[in-house]
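I would like to see how this sequence folds:
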Amino acid sequence: MPLPVSTMTAESPTPQPHTGTNWTVGRILLVILGSIVALLAVGILVAGGTLLWADRTQREDGYLTTPTERLETESYAITSESIDLFETDTSGDWVLTEGVLGDIRITAEGAGKDIFVGIGPTDEVASYLDGVERAEVRDVDFDPFRARYRIFAGAEPSGPPGEQAFWAASASGSGEQVATWDTESGEWTILLMNADGSDGVAADVSIGAEANFLPWLAIGLLVAGLLGLA
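Purely as a prediction, here's the structure:
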């Protein structure tokens, strides 16, 4: 007896529905840009937090102060470059309003000699040092500390620095000397000399500023960072 022939046929597998994503080029770019903004926002938040931490924990008698470092030259004076503060927007320089920076405190202790430290109008200081051998601080590295100077050839000064009447703030003597300057508009120069005007100036120096703007800057960065994350 012949076997029955099956009429069943193999069923084809049911095709699975297409599960593609909606990641268009535009969406990918938005994700990339969003990630970049988020990273920037985190960086801004860290910067703001660091400034706020420094303002609250790193002040000394109300001043944010640099480490004490040795400045030294064989000439008669050490000077800063001209410091241009306030009301300089027409020339494109740094603009601050008086009181934002606060007082500046310069501390110096001579290495073996009585020291003079002062800050005065740049033109008056330049006139006093005209023809005087001096060293101008042009650049400073802090780790490790190294000061680079521009040396001006010349002779000895006409008299001790303490005899000059143009200083906005000054201090002179043995031991630690502190000159506190109430910042104001103009161009200013910091000067460091031996009190008797002799050559071979060496002193341990630090500079501090009240930096009244720092809390507001820190808060502004924190707000900007939060907005960036949002």
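
Just to check, residue 71 is in contact with residue 140?
No - counting by C-beta atoms under 8 Å, residue 71 does not reach residue 140; the two are 9.4 Å apart. Every residue, glycine included, has its C-beta placed from N, CA and C.

low-scoring stretches of this protein, by residue?
Along the chain, the parts satisfying pLDDT under 70 run over 1-23, 25-26, 34, 41, 44-62, 86-101, 211-225, 228-230.

now the helices for it?
25-57, 122-128, 214-229 (DSSP state H).

would you put the C-alpha positions of the second one in CSV?
The C-alpha atoms that make up helix 122-128 are tabulated as CSV, following Å, rounded to 0.1, in the frame of the first residue of the first chain:
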residue,chain,number,x,y,z
THR,A,122,55.6,106.1,36.6
ASP,A,123,56.7,109.5,35.2
GLU,A,124,58.0,110.6,38.6
VAL,A,125,59.8,107.3,39.3
ALA,A,126,61.3,107.4,35.8
SER,A,127,62.6,110.9,36.3
TYR,A,128,64.2,110.0,39.6
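
What are the buried residues along it?
Along helix 122-128, these residues count as buried under the neighbour rule (16 or more other C-beta atoms under 10 Å): 122, 124, 125, 128.

Spatially, what comes nearest to the third one if we skip its sequence neighbours?
In space, not counting the residues next to it along the chain, residue 125 is nearest to residue 189; the distance is 4.3 Å by C-beta to C-beta, 6 or more residues apart in numbering.

how much space between the one you found and residue 137?
Distance from residue 189 to residue 137, counting by C-beta to C-beta, to the nearest Å: 11 Å.

Touching both of those two, which residues are there?
79, 80, 81 (C-beta atoms under 8 Å, 6 or more residues apart in numbering).

Ranking by neighbours, what's the top pick from those?
Of all the shared contacts of residue 189 and residue 137, residue 79 has the most neighbours under the rule other C-beta atoms under 10 Å, reaching 22 neighbours.

so how far is residue 155 from that residue?
To residue 155, residue 79 is 16 Å away according to C-beta to C-beta.

Please enumerate the strands of this protein.
In the chain, the strands defined using DSSP state E lie at 59-60, 63-65, 69-73, 78-79, 83-85, 103-110, 115-121, 134-142, 145-152, 169-173, 176-182, 186-194, 201-209.

Tell me which of the ones you listed lies nearest to residue 37.
strand 63-65 (30.7 Å; C-beta to C-beta).

Distance across stretch 105-124, terminal residue to terminal residue?
21 Å (C-alpha to C-alpha, to the nearest Å).

Equivalent analysis for stretch 193-208, please.
End-to-end distance for stretch 193-208: 19 Å, by C-alpha to C-alpha.

what's residue 111 in contact with, if anything?
70, 72, 202, 203, 204 are the contacts of residue 111 under C-beta under 8 Å, 6+ apart.

Correction: the previous question concerned residue 119.
Contact analysis of residue 119 by C-beta under 8 Å, 6+ apart lists 104, 106, 167, 168, 169, 170, 179, 181, 188, 189, 190, 191.

In contact with the residue nearest to residue 125, which residues?
Contact partners of residue 189, counting by C-beta under 8 Å, 6+ apart, are 79, 80, 81, 82, 83, 119, 120, 121, 122, 125, 126.

How about residue 71?
78, 137, 147, 192, 201, 202, 203, 204, 205.

before we move on, the earlier item: make TSV from the shared contacts of residue 189 and residue 137 and add distance to residue 210 to it.
As requested, these are exported to TSV (distance: C-beta to C-beta, whole Å):
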residue	distance to residue 210
79	23
80	19
81	22
